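K.L.:
just coords:
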């Protein structure tokens with residue numbers, strides 16, 4: 001039981017680090033990302049990355065999403081490597097937190113692939 005508790009505590013710590021890193025790393029994009037989310041162009045997926053809610057989103061929104069996703073992936077890979085854990089585990093934990101922190105009115109992707117406003 002103690003090992004399980006320590007593993008969970010480590011996961012919570014790592015996730016906090018990921019979210020802080022993502023927040024700080026994307027400060028310059030924060031307003032634009034919030035606007036893109038508020039306008040319904042992008043949302044949080046269960047994979048820890050942003051997804052296109054509206055496939056016809058403007059090219060600059062798609063570029064922003066790709067840039068942020070690239071930064072997220074890089075951060076997730078660093079955390080997985082540093083903690084000798086699976087990338088998918090870091091992505092899943094980050095996704096869970098990002099979805100739980102999604103503002104009301106912004107989109108999250110359901111397990112079946114459809115989008116729903118939170």
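P.N.:
Noted; the coordinates are in hand. None of the values given here were measured: they were computed from a predicted structure.

K.L.:
now stretch 92-110: how far from the chain's centre is it?
P.N.:
Offset of stretch 92-110 from its chain centre (Cα atoms, centre = their mean, to the nearest Å): 7 Å.

K.L.:
cool, and stretch 78-88?
P.N.:
16 Å.

K.L.:
gap between the two ends of that stretch?
P.N.:
Terminal residues of stretch 78-88 lie 13 Å apart, using Cα to Cα, to the nearest Å.

K.L.:
enumerate the positions of that stretch that are buried.
P.N.:
The neighbour-count check on stretch 78-88 (16 or more other Cβ atoms under 10 Å) flags 79-80, 85 as buried. All C-beta spots, glycine's among them, are computed from the backbone N, C-alpha and C.

K.L.:
check this protein and tell me which residue is nearest its centre.
P.N.:
By Cα atoms, centre = their mean, the mean C-alpha position of the chain lies nearest to residue 48, the distance being 3.9 Å.

K.L.:
secondary structure class for that residue?
P.N.:
Recorded secondary structure, residue 48: coil (DSSP: H, G, I helix; E, B strand; the rest coil).

K.L.:
would you confirm that it contacts residue 90?
P.N.:
Yes: the criterion here is Cβ atoms under 8 Å, and residue 48 meets it with residue 90 at 7.5 Å.

K.L.:
mind listing the shared neighbours of those two?
P.N.:
Each of residue 76 lies in contact with both residue 48 and residue 90 under the rule Cβ atoms under 8 Å, 6 or more residues apart in numbering.

K.L.:
before we move on, back to that, got the buried residues of stretch 78-88 as CSV, with secondary structure columns?
P.N.:
Converted to CSV, the buried residues of stretch 78-88 look like this (three-state DSSP):
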residue, secondary structure
79, helix
80, helix
85, coil
